[in-house]
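Trainee: One predicted model, sequence on top.
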Amino acid sequence: MGSLTISNVTKTFGSTEVLKGINIDIADGEFLILVGPSGCGKSTLMNTIAGLEEVTTGQLLLAGEDVTERSPKDRDIAMVFQSYALYPTMNVARNISFGLEMRGVPKAERDQRVQEVSTLLQINHLLDRKPSQLSGGQRQRVAMGRALARSPRVYLFDEPLSNLDAKLRVEMRTEIKKLHKRLGTTIVYVTHDQIEAMTLADRIAVMKDGVVQQLGTPNEIYDNPANQFVAGFMGSPPMNFVPCEVNSDGSLAIDTSGHSLSLMIPQSSTLKAQNIHRVILGLRPEMLTEPKPERVGDSVMALEMDFDVTEPMGADTIAIGEWNGIEILARLSPEAGLRAGKKTPVQVDLSKVILFEPESGERIR
Amino acid sequence: MHQTVKKQSVLDLLEAWLPKIIMAPTTLAMIVCMYGFIVWTGALSFTKSRMLPQWDFVGFIQYEKLFANPRWDVAISNLVVFGVLFIAISLLIGLVLAIFLDQKIRGEGAIRTIYLYPMAVSFVVTGTAWKWILNPGLGIEKMVRDFGFTDFEFRWLVDQEMAIYTIVIAAVWQSSGFVMAMFLAGLRSVDDSLIKAAQIDGASAWQSYWHVILPILRPVFFSAIVILSHIAIKSFDLVQALTGGGPGYASDLPANFMYTFAFNRAQMGIGAASAMVMLFGVLAILVPYLYSELRGSNRG
Amino acid sequence: MGNTSMSVGRYAIYACLVIFAVLYLMPLYVMITTSLKDIEEIRQGNLLALPAAPTLYAWAKAWGSACTGSECEGLAPFFFNSIRIVVPAVLISTLIGALNGYVLAKWRFRGSEFLFAALLFGCFIPFQVILLPMARLLATFGLANTVTGLVLVHVIYGVAFTTLFFRNFYVSVPTELVKAAQLDGANFFQIFRHIFLPISLPIFTVTIIWQFTQIWNDFLFGVVYSGQGTQPITVALNNLVNTSVGGKEYNVDMAAALIAALPTLVVYVLAGKYFVRGLTAGAVKG
C-alpha cells in the first residue's frame, strides 16, 4: 500500500540545480535512509516527497498513483521534523489529533486514536501539557505521535534525533526501529549521522550534489562503496585513503616510518593487466590491527609502524601513523602494548581493500 | 485512513493563488496611492496649476518661483537650524540619559516611563502646552520675574529671530526620551563580557564607554539620526500649533510652506514643487541608509 | 576608582536623572494646574503655583461650549469624530496588516520580497507628496470631507506599518509549523486561524496601540481632508486655541489639550511596554 517511486525528479531554485534526476524505488514497508552532507539535496528531496515543494520535472508515484501534482494534504504522508514543529499553543492531545480534526474525523474517533497512539508511545500522562512544558525526548515522542495518529501510507523523518543528547538519541533510535517492525509502514528517513543510517536502514541512499551516489543495503554501502565519496562518508572513524604508486608487478608501494613496503593485494593482477600506475588505496581502520595469529593468511601482512598519537576509545584504541606522508588510522586492541614513538608490530588485512581512481574517485574493480 | 483524493481541484488552485489575492489590494493601493501619486505630484510640479490641476507643462518655472520665494528661503534655513539643533540636542540628551539609566538605577522603570510619555501625545498638544509655557506675558517670563528678576525677558515666541528655537525646545522635549529608549536598548544588547574585558585591560568607566561601547552603538546613532531627520523634515503640526509659522512666516518649515501654498493660497504648482523637494530631501538621507542596511543584512 | 568618588558619582547621576524627570513632567504639571485655575488666578499667579481654588470650569467649557472657529460646542463632537475615525481605521489596517504579514513571512511568492521592500519604502515618504492627488481622488469618489474618506486615507498609509510589524513578527515563527500543518491537512486560513492567531496577541497589541496613537494624534490628514463637522480632535484643538472670541482663556486651552491627549496617555500608562516595543519596531525600519 505504501510503495513510493521517485522517478527522474529534478528541482531547480533559480539557476541552481538542487536535485539532478533522482530515481529511487521504495518498496512497501521499507525503511529507506537518505544520507549525505548538508546541501546535498536530501532535505529538498524529502520536501518534494511531502509535497511541500514542487518538483521541477519528474514524477512521484505513491502506491502506483501519480501524486506529483497533489497538495501535501492529499498525499496521505506524515512527517516528523527535526525541530519537532509542535503547535505551541495546543496541548499534546490536540497536537496529535489536529491532523484528524482538519480531515473532519469525529471527536470520539479522534479521542480514541489519541489514546491508542499515546499508549503506544507511553505519553498518556503528558496529554494535557503544552509543548513548552515537555523535555526534548518527550517532544520527540509527541512529534512521532502526531505522525502516527493519521496512519498515513508513508512516514517521513527529517533528522528527527539530531536535537537530542547522545544517550537519548541511542534510546530513540532503538524505539524507532521497534516501531517500524511493529507498524511495517514505509519510512523515508533523512539523517547526516551515518551510525543512524547503518543501524536503522533496510537500504541507504547516499547523496551528494543532488545525485544519488549509491543505493544499497548498509552492508553493501559499507563493504562495497561505489566511489571514494561514499567510502569516506560511511564509517567512523573514516576510511583511510592513501595515494600509492603501482609497482611493475601490480603491488602497491608504501613508505612508512622509513621502510618501504610492497603490498600485494587481490586487485594486483588487474592493475598490472590494465597498466595502471597510480591509485588511491582505501583501507578501513579495522583492517589495520595488532597481529592476530588466528587471521594469518594470504592476504594478511605483518609490519611494524610508528604511531605518533593514540586515542583510547575504551573497547579499542585508535592509533595514528603515517603511510606515504598521509595520516592513517589503525584500530588496535587496548592490550596491543602501544607506546608513542616505539615501533609497534601490526598486521594489515588486504582482502577487503578498495582502490580508487586518483582523479575521479571512482572505484577500480 | 486512506481517503479518496481528487486531482488538483478548483479549490486547490484557489488556495495556491490565495497569497497573491490577499496581497492584491495592498499592492494596488501602494502602486496608485504611493508611487502613482508621487508621479502625479511630480508631473503637477511642471505645470502652472493653481486652484485646479491643469496639464500644460511649463518646465521648471514652478521650481524657479519656489527658490526665488523668500518664504521658501526662510523655511529651508529654518529646517537646517531646526534639524541640526533638534537632532544634536536629542542625541546628546538621549545618550546621556541612557548611559545614566544603564547604571543599575533604582526606579528605572518609573523614570523611563516619565522620559517617554511625551512621545504618546500629539504634536498639537505639545505645541499648545509649550505655547502657554513660553507665553511672553504669563509664562516662564512672568514666573522668573515673580522670583525677583524683574528685568527678565523671555519672548522667543514672538521674536522673528528666536521663534524657530521654541520649536526646537518643544520637539526635543517630545522626542529625546525616545532617543533615550533606543540607546538604552542598544546598551542593553552590548555583551557584558566586553565591558569586563575592558575593565580587566585597565580602562576606566569613562574610557570603556568612549572606546568600547560607543563604537558598538554606531548603528543606533545611524538609526536615530535617520529617524530624527525624518521627523524634522515632516514636522508640520508642531509648528502649526506652537507658532502658526509666525511671527509672520519666521518659523515656517517646508511642510508648512507646502500646506499654505497648496491648500490656502491655491498655488498647486508651487505646492507640488515644494513637496517634491521635500521628497528628494528624504531620499538623500534614506537611500544611503537603506543601502548600508541592506548591504549589512546581505553580509550577515 | 575609590568608593567615595563612586558614591559621589552615583549621587550626581541620580540628581541628573531626577532633574530631567522633573523637566519632562513640568509641561504636564503646568497643563493640569492651569486647567484647574480660573482666569483671574492665571493672570495674577505664578505658572508653577498650585491652583488656590481648583475648579472644573475650564474642563466643562473645553468639553461642551468652547468655540472652535465659528461653532461653539466644545471638543465633545470632535472627540467622537476622532473615535469614529480611529476605531474602523485601526481595526481595518491591523487586520489587513496581519494577513499581509502572514503572506509575506510564510507564503512568499515570486516578487513578494520586492513588494515588501517597496511597501517598506512607503513608510518613509513625506506625506506632503501625496496630499494633493489624494485630495483629488477623495473628491472624485465623493469622499472629500467625510469620515469614510479619512478612514480610507489612514488605512492606506497605515497598512505599510502594520504589514511591517506582522511580517517581522511572523518571520520568527518556524516555517516547519506551517509545513507540519499543511501535512496535517490544514489550508491557508486554517493555518492562520489555528497556528498563527493564537500566538499573535502581543503583536496585535503592539500594532493596535501604534495605529491608535498614530491616527488619534494625526493632524496633517485631519486638517487637509476633513471639513466642517468631520474634523478630528487635533484639528479642533488647534482651532480652539487659535480662536479668540473675547479674552484668551488659557485654562480652557490646557483643559482642551489634556482632553485631546488623554486617550493616548491612558493607553501609554496602561500598556507602556507594548507602546515602546511598537516605537522601536516602527522606528528601526520606519
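Mentor: Done, it's in.
Trainee: What segments of the stretch 1-150 of chain A are strands?
Mentor: In the stretch 1-150 of chain A, the strands defined using DSSP state E, counting those that start in this stretch lie at A:4-13, A:16-26, A:31-35, A:57-62, A:65-66, A:77-80.
Trainee: B:Pro117 touches C:Leu265, doesn't it?
Mentor: You called it Pro, but residue B:117 is Tyr. Yes. Between B:Tyr117 and C:Leu265 there is a contact under Cβ atoms under 8 Å: 6.8 Å. To be clear about C-beta, it is placed using only N, CA and C from the backbone, and glycine gets the same treatment.
Trainee: If you count surrounding residues, which of these two has more?
Mentor: More neighbours surround B:Tyr117 than the other of B:Tyr117 and C:Leu265, with 21 against 17 (other Cβ atoms under 10 Å in any protein chain shown).
Trainee: In space, what's closest to B:Pro25 - neighbours in sequence excluded?
Mentor: Nearest non-adjacent residue to B:Pro25, counting by Cβ to Cβ, 6 or more residues apart in numbering or on different chains: C:Ile96, 7.4 Å away.
Trainee: next one: A:Leu338
Mentor: That would be A:Thr310: by Cβ to Cβ, 6+ apart, it lies 5.3 Å from A:Leu338.
Trainee: residue contacts, that neighbour?
Mentor: A:Thr310 sits next to A:Thr317, A:Ile318, A:Ala319, A:Ile320, A:Leu338, A:Ala340 when contact means Cβ atoms under 8 Å, 6 or more residues apart in numbering or on different chains.
Trainee: I figured C:Thr252 was touching C:Lys61, is that so?
Mentor: Actually, residue C:252 is Val. It isn't Thr. Yes. Shown here, C:Val252 and C:Lys61 form a contact pair, counting by Cβ under 8 Å, at 5.1 Å.
Trainee: Give me the more crowded residue out of these two.
Mentor: Between C:Val252 and C:Lys61, counted using other Cβ under 10 Å, C:Val252 has the larger neighbour count: 26 against 19.
Trainee: Tell me which residue is most central in chain C.
Mentor: Nearest residue to the geometric centre of chain C (Cα atoms, centre = their mean): C:Thr213, 1.3 Å.
Trainee: That one belongs to a helix, doesn't it?
Mentor: Yes. Using DSSP: H, G, I helix; E, B strand; the rest coil, the secondary structure at C:Thr213 is a helix.
Trainee: For the closest residue to A:Leu168 other than its chain neighbours, give its distance to A:Asp306.
Mentor: Spatial nearest neighbour of A:Leu168, excluding adjacent residues (Cβ to Cβ, 6+ apart): A:Gly137 at 4.9 Å. A:Gly137 is 45 Å from A:Asp306, where distance means Cβ to Cβ, to the nearest Å.
Trainee: Of the two, give the one with the bigger neighbour count.
Mentor: A:Gly137 (18 against 15).
Trainee: From A:Ile123, how far out is the more buried one?
Mentor: Distance, A:Gly137 to A:Ile123, using Cβ to Cβ: 10 Å.
Trainee: ranges for the helices of chain A?
Mentor: Listed in chain order, the helices of chain A (DSSP state H) span A:42-50, A:92-102, A:107-120, A:136-149, A:166-183, A:194-200, A:218-223, A:228-233, A:268-274.
Trainee: Tell me if stretch C:200-207 is near chain B.
Mentor: No. Judged by Cβ under 8 Å from any Cβ of the partner chain, stretch C:200-207 stays clear of chain B, getting no closer than 14.0 Å.
Trainee: List the contacts of the residue in the stretch 151-300 of chain B positioned nearest to chain C.
Mentor: Nearest residue of the stretch 151-300 of chain B to chain C: B:Asp237, at 3.7 Å (Cβ to the nearest Cβ). Shown in contact with B:Asp237 (Cβ under 8 Å, 6+ apart): B:Ser122, B:Phe123, B:Val124, B:Gly127, C:Phe219, C:Leu220, C:Thr234.
Trainee: for C:Ala135, same thing?
Mentor: Residues in contact with C:Ala135 (Cβ under 8 Å, 6+ apart) are C:Ala144, C:Val224, C:Tyr225.
Trainee: What values do phi and psi take at the last one?
Mentor: What that stands for is C:Tyr225. phi -110, psi 0 (degrees, to the nearest 10).
Trainee: ok, it touching C:Gly149?
Mentor: Yes. C:Tyr225 is in contact with C:Gly149 according to Cβ under 8 Å; the separation is 5.7 Å.
Trainee: hey, what's in contact with both of those two?
Mentor: Here C:Tyr225 and C:Gly149 share the contacting residues C:Leu138, scored by Cβ under 8 Å, 6+ apart.
Trainee: Tell me the residues of the stretch 51-200 of chain C that contact chain A?
Mentor: C:174, C:176-177, C:179-187, C:190, C:194-195, C:198-199.
Trainee: can you do 6 Å?
Mentor: Residues of the stretch 51-200 of chain C lying close to chain A (Cβ under 6 Å from any Cβ of the partner chain) are C:174, C:176-177, C:179-180, C:182-186, C:195, C:198-199.
Trainee: Give me the pLDDT for the nearest residue in space to C:Arg277 that is not next to it in sequence.
Mentor: Leaving aside its chain neighbours, C:Arg277 sits nearest to C:Val206 (5.2 Å; criterion: Cβ to Cβ, 6+ apart). Listed pLDDT for C:Val206 reads 88.
Trainee: helices or strands up against the helix or strand where C:Val206 lies?
Mentor: Per DSSP states H and E: C:Val206 is located in helix C:201-217. If you count contacts as 3 or more Cβ pairs under 6 Å, 6 or more residues apart in numbering or on different chains; DSSP states H and E, helix C:201-217 packs onto helix C:76-106, helix C:147-171, helix C:250-284.
Trainee: Buried ones in the shortest one, by neighbour count?
Mentor: It stands for helix C:147-171. Residues of helix C:147-171 classed as buried by neighbour count (16 or more other Cβ atoms under 10 Å in any protein chain shown): C:147, C:149-170.
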